[in-house]
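*Asks:* Okay, sequence plus prediction incoming.
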Protein chains: 2
Amino acid sequence: MPTVTFLPSFRKTEVPKGSTILEAAQKAGFHMNVVCGGQGKCGKCSVMVRSGEIDFDREKYGDFYTDEEASQGFCLSCQTRINGDLRVLIPEGSLVQEQQILVDSPGVPLEINPAVWKYALTLSPPTLDDQSPDLTRLLWGIEKSGGPKEGSIYAPLEVIREIPKVLRESGWRITATVALVPGGYRMINVEKGDTTSHSYGAAVDLGTTTVVVYIRSLIDGSIVGTGSNYNRQISCGEDILSRVNYAKRGGLEKLQALAVESINAALTAASNSAGIDRDDVYEVVVAGNTIMTHILMGIDPAYMIEEPYVPVVRRYLTTAARRVGLVVGKNSGLFIFPAVSDFIGGDIIADILASGMAESNDISLLIDIGTNFEVVLGNRDWMFACAGAAGPALEGGEVLFGMRANPGAIEQVSLDLRTLKPSFRTIRNQRPRGLCGSGLIDLLAELLRSCIIDRTGRINTAIAHERIRQGRQVPEFVVAWKEETAIGKDIVITENDIKALIMSKASILAACQTLMNQAGIGREEIARIYFSGAFGNYINKDHAITIGLIPEIPVERVTTIGNGAIAGANIALLNRRKKRVIDEIARKIAYIELNADPTFMDEYTGSCFLPHTDLSLFPGVEKMLDQCRILREQS
Amino acid sequence: MPTVTFLPSFRKTEVPKGSTILEAAQKAGFHMNVVCGGQGKCGKCSVMVRSGEIDFDREKYGDFYTDEEASQGFCLSCQTRINGDLRVLIPEGSLVQEQQILVDSPGVPLEINPAVWKYALTLSPPTLDDQSPDLTRLLWGIEKSGGPKEGSIYAPLEVIREIPKVLRESGWRITATVALVPGGYRMINVEKGDTTSHSYGAAVDLGTTTVVVYIRSLIDGSIVGTGSNYNRQISCGEDILSRVNYAKRGGLEKLQALAVESINAALTAASNSAGIDRDDVYEVVVAGNTIMTHILMGIDPAYMIEEPYVPVVRRYLTTAARRVGLVVGKNSGLFIFPAVSDFIGGDIIADILASGMAESNDISLLIDIGTNFEVVLGNRDWMFACAGAAGPALEGGEVLFGMRANPGAIEQVSLDLRTLKPSFRTIRNQRPRGLCGSGLIDLLAELLRSCIIDRTGRINTAIAHERIRQGRQVPEFVVAWKEETAIGKDIVITENDIKALIMSKASILAACQTLMNQAGIGREEIARIYFSGAFGNYINKDHAITIGLIPEIPVERVTTIGNGAIAGANIALLNRRKKRVIDEIARKIAYIELNADPTFMDEYTGSCFLPHTDLSLFPGVEKMLDQCRILREQS
């Protein structure tokens, strides 16, 4: 078998001849950037082949590299087959990097009422006059300490086996941990001495891209540690569809293991930062989309991507955390948020819980833009939800210089209306490498305001300006000159990029409108719009209204709740009563299938303008654009 | 390492120098007869060393072998150390043999109301208009078929994972299996097609010596197969104390595995005899003594044999059968009978359930004589119980020619009052090899009736009879002449044997009297005496009263219930409501510690006579003995 040596680390691996470099890199443990799932479409997994024989179709993938790059050995690792021993350099940009991940919860006031309690007990040892069994003695001790009644606590075998030793070795001074699970109370741990001060739970957001973990004290609810991590499944495909396809090709077990590995890594980070023992984590609450939670639980997600698109399970799931491989306390429970459908998963239920909209009389609109988008409209009495694919443009995918929110990404842009000179801010203030989602929305709004593009997104090449030029195929606007960047190229946005962005935002606006049509309400009746997800957190809300990503309401009533999934998971972890609210939310939501809705296509067509064909829906934007046009005409 | 070759099979094994031949034999897979647990006391593990160097103290263990036997190489395998390569012959008698095991249930009329049901369902496949998840679809199907409500059934992860495949591959025609477990309903299986006719459960008696398994249809309650097996733990020690000591020396895991292996072997026998698939066994109910069930569940039994003698757990236990290693259906439940104390275990609760005494107004006395004895006195309102060690004499242990109820054991004996010639029946009508428990009781009663022994058990050597003679140390009575036997020796009963038997029976009678004292009732108030266990089944009831093993009541009111443990397990398996009765029995029983009871020693002293010092307690026996004496005096 050929040996592949990866530079600069000199890590080696052997793979069968004919394998791709991507496969070899993954085998060697590299987390490659595979936005398109290895289809040769995104170019993010580029490598430089330094020596050795390969098979790569330069003709077919010619668009990805300049002649100079080609001569340096650049190729797509996913499309390059190995014919013999190789030396391959993996550029930093082709590896999955630490991303700007939201780990803050929105600060919703939390009621502390967890499902796990500890009882420190000093028991009297047995005597000939008191021959009660160890378990009975222990359970009576719990009852006497104000805990659940002796007969109402189930003790699993694993715990019973520990009891005699712990009782005797501790001199009958022990701490028992009891959890309320569906079905009743369960004794999940017995340990020596008084450990009541060590009682923790973990809230987990299992996202398609990232995994976030919070470790909270189950005594006072305080955050004791946080950790986050890329979802390591990303090496099997960037988007969720490619993951399901990977599962269908027999990869479910591997995906399951990677999900667990990702959570465990984040848990390790969180517990290390907290300085706590992971064995003291007694409950894990996970919110994730339906496919992610199916995979985490080892349940086949295949039927969710084929007509008629049904999940295997929708209700909340509970099991022992260790049974799926999570490294926490031995008998700690795992609670998985329920889902509504294949597209409205536990992450959205968590968003709703975190926003509080399900407990309010006011009508709210919640929008979660991640790899896909989900929209929920409603209040405490009713709820409609829908979901769709906005395309990857808003996350920087399929945009020439689009990128994830990694260091060097342009995250804010404004244009001087007179000089058309962009000012921008990059993540970590590094020299720019590309544009991430929030930067793209800014840019789109600014291009519109400055009349560089019209409401259909076409670049006005009649404007004589060095930044407005004809690109390889279509007109483009130069955001940063080669000399300013970290990549040695002009960073531009092309007319094709702009069209992709408009199509993306149109899907979201059309989805909002469709739900409003279903509920028979207008934009004036919407008391609040919640943005959930990393994307929503960094977005300029004014610009989001300007381009018609969301319906126009007073901007001060647009709120970002940050990572609603992790926030919701935290709430459920700390307050067991919220698990019932979650269940009610999941049952209350009416799911609207956009493709089956007769008004959706019309709404979409209308939304493929900036902000919309019907400007009466965006009176504030209309006024603002008019003012800008006048300004531009004066300059 | 020396190699030991076992004859006649030529099975070989290697063990470190200094190991015992017993250890080598066990390593080679032989189930050796180790009545004393390898202490060099019982002589049942004898082997013949044909060649090779050994270390065996012939001086110390001289009593076990004649000079001829010693010259043939006979030695105690447990006390013989290996110094080099050996050839060893294991005589048939030193191996654990197929025993006469009770497998009949007493024929109590059974109510069929099991905890497991099957639902054959034809589901409508999902469509775009009906995107219910697979699990919901299935649960609704069960509800519509008259099963538990959709929301009340818990589905474990292992089952959920199977669902999508089974539903689709079966064309949506499946059978779901639902069990009622503590905490609610649980879906334990989903399979293709209509399998409702295959629904079975297993009742298990896990005895110290034997394991009995019944497989019953959960539809009509019929017995579809039975199997029995030696408890393979016997290779780690015959009596229960030596097993606990084995566990204390780090052998718990091995004992647990052997218990499971023994049950699995009996299950295999039972399912083979029934021609059924063990995967179709959906519940296993086990009755066993407290130490056996602790060991089966992997719970340390050590503290039950040390003051203050407490078990770890007394309540009933439930878990997944596969979790302890039982090979039945994947998610089948295991129900372990509760116990009262370390000495009154689930086997006795099962006895009580099978006798029906806990549901009657009449006062009954239940006696279970096995490796130890247990006595229960009471009715539906109250119950006292006690337990004790009767010594191994009643089971043929520590009696010179005592043996288990194996082929060749004399199980019935009568003496001609005039000629003193014994007539006997052996198990399987083979030439006699020794005396088993029922034969010994017969012999004791007959020796008393024929005035060969007096009421203290002393042999009247003044009687001039060839069968009454002085033995090596004490007088003895010849039951069978060398020429009649299969062992080439006279089979005798010695005065020491008789004393051991009297001490054993005295313990039991004293225990009965102690409970009667506690309850303040006399023998006239006892409506019924139940004998449970193999021993009780073969015993001559008249003789049991004659020797004062049990209180004197009209013999027709003495009933044998056979193997009460397996009978009780069967009842609980077939009728889930009886699990509540079991729980009530376990809570109702007041356990009397005999050693702590001030009257017990007096009762014991009085009982060390045949039948008792106080003949007014045995008026019928007194009259009969008077008549016999007259007859003997006439002859």
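*Replies:* Looks like it came in fine.
*Asks:* hey, let's count contacts and neighbours off CA atoms from now on
*Replies:* Will do.
*Asks:* Not counting the helix or strand containing A:Val211 itself, show me its contacts.
*Replies:* Assigning secondary structure by DSSP states H and E places A:Val211 in strand A:210-217. Outside strand A:210-217, the residues that touch it by C-alpha atoms under 8 Å, 6 or more residues apart in numbering or on different chains are A:101, A:103, A:198-206, A:222-231, A:262-263, A:266-267, A:270-271, A:274, A:281, A:566, A:570.
*Asks:* Note down every partner strand of that strand and its orientation.
*Replies:* strand A:200-206 (antiparallel), strand A:223-230 (antiparallel) (DSSP bridges).
*Asks:* which parts of the stretch 251-400 of chain A sit against chain B?
*Replies:* Contacts of the stretch 251-400 of chain A with chain B, taken as C-alpha under 8 Å from any C-alpha of the partner chain, map to A:297-300, A:307-314, A:319, A:341.
*Asks:* Mind picking the two most distant members of the residues you listed?
*Replies:* A:Glu307 and A:Thr319 (29.5 Å; C-alpha to C-alpha).
*Asks:* who's more crowded, the two?
*Replies:* Shown here are A:Glu307 and A:Thr319; by other C-alpha atoms under 10 Å in any protein chain shown, A:Thr319 has more neighbours (17 against 11).
*Asks:* and the helix or strand containing that one, what does it pack onto?
*Replies:* Here A:Thr319 sits within strand A:317-320, counting by DSSP H and E. Packing partners of strand A:317-320 (3 or more C-alpha pairs under 8 Å, 6 or more residues apart in numbering or on different chains; DSSP states H and E): strand A:333-336.
*Asks:* Let me know the angle separating the helix or strand following the strand it packs on from strand A:200-206.
*Replies:* Following strand A:333-336 in sequence order, the next helix or strand is helix A:346-355 (DSSP H and E). Following axes from the mean of the first three to the mean of the last three C-alpha atoms, to 10 degrees, one obtains 120 degrees for the angle between helix A:346-355 and strand A:200-206.
*Asks:* can you give me the mean pLDDT across helix A:346-355?
*Replies:* For helix A:346-355, mean pLDDT is 95.
*Asks:* Isn't A:Ile160 up against B:Ile299?
*Replies:* Yes: under the criterion of C-alpha atoms under 8 Å, A:Ile160 makes contact with B:Ile299 at 7.1 Å.
*Asks:* Now do the shared contacts for these two.
*Replies:* Contacts common to A:Ile160 and B:Ile299, judged by C-alpha under 8 Å, 6+ apart, are B:Val312.
*Asks:* Pop out the phi and psi values for the closest residue in space to A:Ala25 that isn't next to it in sequence.
*Replies:* Excluding the flanking residues, the one nearest A:Ala25 by C-alpha to C-alpha, 6 or more residues apart in numbering or on different chains is A:Met32, at 7.3 Å. The phi/psi pair for A:Met32 (degrees, to the nearest 10) reads phi -80, psi 150.
*Asks:* Specify the beta-bridge partners of A:Met32.
*Replies:* In this entry, A:Met32 is beta-bridged to A:Leu95, by DSSP bridges.
*Asks:* Domain-wise, how is chain A divided?
*Replies:* Chain A resolves into domains spanning A:3-94, A:116-192, A:201-342, A:348-387+A:504-599, A:393-501+A:627-634 when parsed by automatic domain parsing.
*Asks:* Just tell me which of those domains ends up closest to B:Asp542.
*Replies:* Minimum separation from B:Asp542 across the domains of chain A (C-alpha to C-alpha) falls at domain A:116-192, 37.8 Å.
*Asks:* Please determine whether the closest one lies in contact with chain B.
*Replies:* Yes: Domain A:116-192 is in contact with chain B by C-alpha under 8 Å from any C-alpha, via A:126-128, A:131-136, A:156-157, A:160-161, A:163-164, A:183-184.
*Asks:* Now that we have the residues you listed, which of them are buried?
*Replies:* Neighbour-count burial (16 or more other C-alpha atoms under 10 Å in any protein chain shown) is assigned, among the residues of domain A:116-192 next to chain B, to A:126, A:131-136, A:156-157, A:160-161, A:163-164.
*Asks:* Would you mark the buried spots in stretch A:46-59?
*Replies:* A:46-50, A:54, A:56.
*Asks:* Tabulate the residues you listed (CSV), appending distance to chain B.
*Replies:* Shown next, in CSV, are the buried residues of stretch A:46-59 (distance: C-alpha to the nearest C-alpha, whole Å):
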residue, distance to chain B
A:Ser46, 37
A:Val47, 39
A:Met48, 42
A:Val49, 43
A:Arg50, 46
A:Ile54, 41
A:Phe56, 39
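*Asks:* want to throw those into TSV with secondary structure and pLDDT?
*Replies:* Formatted as TSV, the buried residues of stretch A:46-59 follow (DSSP: H, G, I helix; E, B strand; the rest coil; pLDDT from 0 to 100):
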residue	secondary structure	pLDDT
A:Ser46	strand	88
A:Val47	strand	92
A:Met48	strand	92
A:Val49	strand	93
A:Arg50	strand	91
A:Ile54	strand	93
A:Phe56	coil	94
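*Asks:* out of the residues you listed, which one sits closest to A:Ala247?
*Replies:* A:Ala247 lies nearest to A:Ser46 out of those, by C-alpha to C-alpha, at 24.7 Å.
*Asks:* Isn't the closest one up against A:Gln72?
*Replies:* No: counting by C-alpha under 8 Å, A:Ser46 stays clear of A:Gln72, with 11.9 Å between them.
*Asks:* For chain A, name the helix or strand with the lowest mean pLDDT.
*Replies:* Least confident helix or strand of chain A, by mean pLDDT, DSSP states H and E, is helix A:533-538 with a mean of 78.
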